[in-house]
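Asks: Coordinates for the following, if possible.
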Amino acid sequence: MKEFLQKKNIIFSAKRYGIDALGAMAQGLFASLLIGTIISTVGEQSGLDILVTVGGYAKGATGAAMAVSIGFALKCPPLVLFSLAAVGMAANELGGAGGPLAVLIVTIFAAEMGKLVSKETKVDIIVTPLVTIGTGVLLGLWWAPAIGTAASAVGTAIMWATELQPFFMGILVSVIVGVALTLPISSAAICAALSLTGLAGGAAVAGCCAQMVGFAVMSFRENKWGGLFAQGIGTSMLQMGNIVKNPKIWIPPTLASAVTGPLATCVFQMKMNGAAVASGMGTCGLVGQIGVYTGWLNDISQGAKTAITAMDWAGMLLICFALPALLSWAIALPMRRKGWIGENDLKLDL
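Replies: Next up, the predicted model:
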């Protein structure tokens, strides 16, 4: 059995399912829901209906894009990979608000079942899609509603707690989601799976921005402009290798997130009422900021907000850019003087 599973490239590991698959799912989300939301927003603001239509189609492919991305990470054979599109669409729709989490769990089972039978019969072109889609859709019908309900309940509890205790939950959510962004897991997928929006979503954006902008600015002397853009609008995950070597370099951006999180929730009331996945993106492609802006527009259209104010813009600029840069640099400076952060501890191979 061990040799058979090895031949089929079926590896039961936390890394493959919890890091590789989750990270790939976030890319699928970005390539469908997130980019679709951005395109639609540009279209709505510019009056170009064609962009709204394009964005709508992109958002409609969310379930399929996530499932195929997960299958790619699990190294599925072509027939299994292509069959997962139907599985993802079913699981995402059946999972409701917790659709992304349902897609992740159901797709993993369907993909591994498909890999088990792939190329084992003379009618592979029928058997493999049948097993993959059949397993995925049946499990989706069985599991997805419950998974969606559970994920939604957890997300709702976090958002409720943040409304109730915005200061302490602002710190907690900001730090945890920010740390997840830098770790080799997907903060975007976590936020999407939990449907994390509202004040909690705003705190998540703050934490992610603190990590990305913080690392970008505090490592400027080592990495110059290339590093500034790679980390500032790319990902702070680039520093993971350096963090393993010297965990102390993680202190400045993490402390910065503990400051900006409660400021976002208590002072500026910064909310993420756009797509939940944007809560875990920070300044990556400015997706977090576009999500906050989209949320403002949603609030205005629903009558919850009359207009975008100067305070809104000031909060976004301070929480997402200015404070993470200033705080991380100021905290890192004495750490450099004391030798806690060495001259090349933040150096990237760019």
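Asks: Which elements pack onto the helix or strand harbouring residue 217?
Replies: With elements taken from DSSP states H and E, the one containing residue 217 is helix 198-218. If contacts are counted by 3 or more C-beta pairs under 8 Å, 6 or more residues apart in numbering; DSSP states H and E, helix 198-218 sits against helix 124-164, helix 166-182, helix 187-193, helix 220-232, helix 251-262, helix 287-302, helix 323-337. Backbone N, C-alpha and C define where each C-beta goes, glycine included.
Asks: Which among these is found nearest to residue 70?
Replies: Closest to residue 70 of those is helix 187-193 (C-beta to C-beta; 10.1 Å).
Asks: Pull the residues that contact that closest one.
Replies: Contacts to helix 187-193, defined as C-beta atoms under 8 Å, 6 or more residues apart in numbering, come from residues 22-23, 25-26, 29-30, 33-34, 98, 100-101, 104, 151, 177-178, 180-181, 196, 201, 204, 208, 275-282.
Asks: Export it to PDB, keeping only CA atoms.
Replies: Extracted C-alpha coordinates of helix 187-193, given in PDB (Å, rounded to 0.1, in the frame of the first residue of the first chain):
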ATOM      1  CA  SER A 187      -3.800  34.700   5.500                       C
ATOM      2  CA  ALA A 188      -6.000  35.500   2.600                       C
ATOM      3  CA  ALA A 189      -7.400  32.000   2.500                       C
ATOM      4  CA  ILE A 190      -8.000  32.000   6.200                       C
ATOM      5  CA  CYS A 191      -9.900  35.300   6.100                       C
ATOM      6  CA  ALA A 192     -11.900  34.100   3.100                       C
ATOM      7  CA  ALA A 193     -12.700  30.800   4.800                       C
END
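Asks: can you start the count at 803 instead of 1 from here on
Replies: Yes, from this point I'll number from 803; that puts the last item at helix 989-995.
Asks: How far off centre is it?
Replies: 4 Å (C-alpha atoms, centre = their mean, to the nearest Å).
Asks: Buried residues of that helix, list them for me.
Replies: Applying a neighbour-count criterion of 16 or more other C-beta atoms under 10 Å, the buried positions in helix 989-995 are 989, 990, 991, 992, 993, 994, 995.
Asks: Including pLDDT, could these go into a markdown table?
Replies: What follows is the buried residues of helix 989-995, written out as a markdown table (pLDDT from 0 to 100):
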| residue | pLDDT |
| --- | --- |
| 989 | 83 |
| 990 | 81 |
| 991 | 79 |
| 992 | 85 |
| 993 | 88 |
| 994 | 84 |
| 995 | 82 |
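Asks: quick check, nearest of the residues you listed to residue 805?
Replies: residue 991 (32.8 Å).
Asks: burial of residue 1103, as a residue count?
Replies: Using other C-beta atoms under 10 Å, residue 1103 has 10 neighbouring residues.
Asks: Tell me the pLDDT of it.
Replies: Here the pLDDT value assigned to residue 1103 is 88.
Asks: cool, and residue 986?
Replies: 69.
Asks: thinking again about what came up before, compute the inter-axis angle for the helix holding residue 1019 and helix 968-984.
Replies: Per axes from the mean of the first three to the mean of the last three C-alpha atoms, to 10 degrees, the angle that helix 1000-1020 makes with helix 968-984 is 50 degrees.
Asks: Which residue, other than its chain neighbours, is closest to the residue most central in space within the chain?
Replies: Nearest to the geometric centre of the chain sits residue 990, at 0.8 Å (C-alpha atoms, centre = their mean). Excluding the flanking residues, the one nearest residue 990 by C-beta to C-beta, 6 or more residues apart in numbering is residue 1082, at 3.8 Å.
Asks: now residue 933
Replies: Excluding the flanking residues, the one nearest residue 933 by C-beta to C-beta, 6+ apart is residue 919, at 4.9 Å.
Asks: pretty sure that neighbour is touching residue 931, no?
Replies: No: taking contacts as C-beta atoms under 8 Å, residue 919 lies outside contact range of residue 931: 10.1 Å.
Asks: Next, residue 810: phi, psi?
Replies: phi -80, psi 0 (degrees, to the nearest 10).
Asks: which sections of the protein are below the confidence cut-off?
Replies: Scanning the chain with the threshold set as pLDDT under 70 gives 986, 1152.
Asks: hmm, what's the outermost residue in it?
Replies: Farthest-from-centroid check, the chain (C-alpha atoms, centre = their mean): residue 924, 40.8 Å.
Asks: Using the three-state scheme, assign it.
Replies: coil (DSSP: H, G, I helix; E, B strand; the rest coil).
Asks: Name all residues that make contact with residue 941.
Replies: 893, 908, 911, 912.
Asks: Let me have these in a markdown table, extended by secondary structure.
Replies: Formatted as a markdown table, the contacts of residue 941 follow (three-state DSSP):
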| residue | secondary structure |
| --- | --- |
| 893 | helix |
| 908 | helix |
| 911 | helix |
| 912 | helix |
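Asks: Which single one of those is nearest to residue 1070?
Replies: Nearest to residue 1070 among these, with distances taken as C-beta to C-beta, is residue 893, at 36.3 Å.
Asks: thinking that closest one is in contact with residue 946, fair?
Replies: Yes: using C-beta under 8 Å, residue 893 is in contact with residue 946, at 5.0 Å.
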